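Student: Quick one, fold the following:
(chains A and B)
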Amino acid sequence: SQQGEEDPQALSIQEGENATMNCSYKTSINNLQWYRQNSGRGLVHLILIRSNEREKHSGRLRVTLDTSKKSSSLLITASRAADTASYFCATDRAGTASKLTFGTGTRLQVTL
Amino acid sequence: GAVVSQHPSRVICKSGTSVKIECRSLDFQATTMFWYRQFPKQSLMLMATSNEGSKATYEQGVEKDKFLINHASLTLSTLTVTSAHPEDSSFYICSARNLLQTFTDTQYFGPGTRLTVL
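Tutor: From the prediction side, this is the model:
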């Protein structure tokens, strides 16, 4: 079953703007991960945040996690056309031996 | 490092035939590999967890006799779609965890296999 729901489903911004995507989930987790997928391609791991962490940075990426609200956000700053892709959150639910459950995804379009 | 390959990248087959998809970890050993299915513009759905040397664990609703999984070595898992039908057309993606990186929860994903059943 789908663990996470993401919003917005689609986001269109101009190059240089920031993009924020949100993910909500339903059960207790060990960690939450964000992935990028270019059209028709495999997934690229972006960042992992553990359940005891609240914020994490990696380059132009900033991820927050609020376990009380069961939600996470991914912020991409100073977006580039190359950031155009689908972004998925995935939760590693507690007690599931590292099985990942993916959210519905956000399709990001960055235009020049 | 941490490269996962899949073969073939694309396959077209006739209804009723069987198709085998390979997932290989190229530069690490994988105790566990996962198989996912993704329909167009949808998210990934976990089909099964494949452990080397033991039977795969299938998610609810996934037919184990239709989707045969074999994990014969620490670097290779195969998914065979038996008696394929057009509704099996999908993007199949595998992922693998590194045996030596038990301290991390990262999975490494293959590039996917596009299956089209005519």
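
Student: In chain B, where is pLDDT below threshold?
Tutor: B:1, B:99, B:101-105 (pLDDT under 70).

Student: Can you name the residues of it that neighbour chain A?
Tutor: Chain B has residues B:6, B:32, B:34, B:36, B:41-46, B:49, B:91, B:93, B:95, B:97, B:104-112, B:114 near chain A, with proximity defined as Cβ under 8 Å from any Cβ of the partner chain. (Each C-beta comes from the backbone N, C-alpha and C, glycine too.)

Student: repeat that for 10 Å
Tutor: Counting by Cβ under 10 Å from any Cβ of the partner chain, the residues of chain B lying close to chain A are B:2, B:4-6, B:9-10, B:32, B:34, B:36, B:38, B:40-46, B:49, B:51, B:57, B:59-61, B:91, B:93-95, B:97, B:104-114.

Student: For ChimeraX, write the select line for the buried members of the residues you listed.
Tutor: Buried residues among the residues of chain B next to chain A (16 or more other Cβ atoms under 10 Å in any protein chain shown), as a ChimeraX selection:
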select /B:2,4,6,32,34,36,38,43,44,45,46,49,51,57,59,91,93,94,95,97,106,107,108,109,110,111,112,113
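
Student: In strands only, show me the residues of chain B next to chain A.
Tutor: B:4-6, B:10, B:32, B:34, B:36, B:38, B:44-46, B:49, B:51, B:57, B:91, B:93-95, B:97, B:108-109, B:113-114 (DSSP state E).

Student: what about the lowest-mean-pLDDT helix or strand in chain A and chain B, touching?
Tutor: Every helix and strand in chain A was compared by mean pLDDT, DSSP states H and E; the lowest is strand A:5-7, with a mean of 85. Yes - Strand A:5-7 is in contact with chain B by Cβ under 10 Å from any Cβ, via A:Glu5, A:Glu6.

Student: packing partners for that strand?
Tutor: strand A:19-24, strand A:71-76, strand A:85-93, strand A:106-111 (3 or more Cβ pairs under 10 Å, 6 or more residues apart in numbering or on different chains; DSSP states H and E).

Student: Quick one: residues in contact with that strand.
Tutor: Under the criterion Cβ atoms under 10 Å, 6 or more residues apart in numbering or on different chains, residues A:20-26, A:71-74, A:86-89, A:102-107, B:43 lie in contact with strand A:5-7.

Student: what do you get if the cut-off is 8 Å, keeping everything else the same?
Tutor: A:Met21, A:Asn22, A:Cys23, A:Ser24, A:Tyr25, A:Tyr87, A:Phe88, A:Cys89, A:Gly103, A:Thr104, A:Gly105, A:Thr106 (Cβ atoms under 8 Å, 6 or more residues apart in numbering or on different chains).

Student: Can you name the residues that contact the fourth one?
Tutor: Shown in contact with A:Ser24 (Cβ under 8 Å, 6+ apart): A:Gly4, A:Glu5, A:Glu6, A:Lys69, A:Lys70, A:Ser71.

Student: likewise the second one?
Tutor: Contacts for A:Asn22 (Cβ under 8 Å, 6+ apart) come out as A:Glu6, A:Asp7, A:Ser71, A:Ser72, A:Ser73, A:Leu74.
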